[in-house]
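Trainee: no FASTA, just this:
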């Protein structure tokens, strides 16, 4: 896919074809990262990373689980019965 660099004020702008923007889920206001490579410039989408609780807890074992820490008396409704 080809695109053209255009002048935008004192800067240069790259317009993405709609099909590519849709495919990569890049929209107006999306943050991207520009990376200089030996071949030119790579435009990388900076999507927010989504975590699943199961992935975060996958490496927790009885050996890596630390005991509860005492932080003092309860100060609100956080008491669990």
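Mentor: Good, I have the coordinates. Keep in mind that what you see is a predicted model, and the values were worked out from it rather than measured. Numbering: from 1, shown residues only.
Trainee: could you measure from the most centrally placed residue in the chain over to residue 31?
Mentor: The centre of the chain sits closest to residue 48, judged by Cα atoms, centre = their mean, with a distance of 2.6 Å. The gap separating residue 48 from residue 31 is 9 Å, by Cβ to Cβ, to the nearest Å. Just so you know, the C-beta spots here come from the backbone N, C-alpha and C atoms, and that holds for glycine as well.
Trainee: next: residue 44.
Mentor: As judged by Cβ to Cβ, residue 44 and residue 31 stand 10 Å apart.
Trainee: and what of residue 12?
Mentor: Separation of residue 12 from residue 31 (Cβ to Cβ): 18 Å.
Trainee: for residue 50, same thing?
Mentor: For residue 50, the distance to residue 31 - Cβ to Cβ - is 15 Å.
Trainee: so after the longest helix seen in the chain, what's the next helix or strand?
Mentor: Taking DSSP state H as the criterion, the chain has its longest helix at helix 18-24. Proceeding N to C from helix 18-24, the next assigned helix or strand is strand 32-37, under DSSP states H and E.
Trainee: mind checking the pLDDT average for the longest helix of the chain?
Mentor: What helix 18-24 shows for mean pLDDT is 90.
Trainee: doesn't residue 54 fall inside a helix?
Mentor: Yes - the assignment for residue 54 (DSSP: H, G, I helix; E, B strand; the rest coil) places it in a helix.
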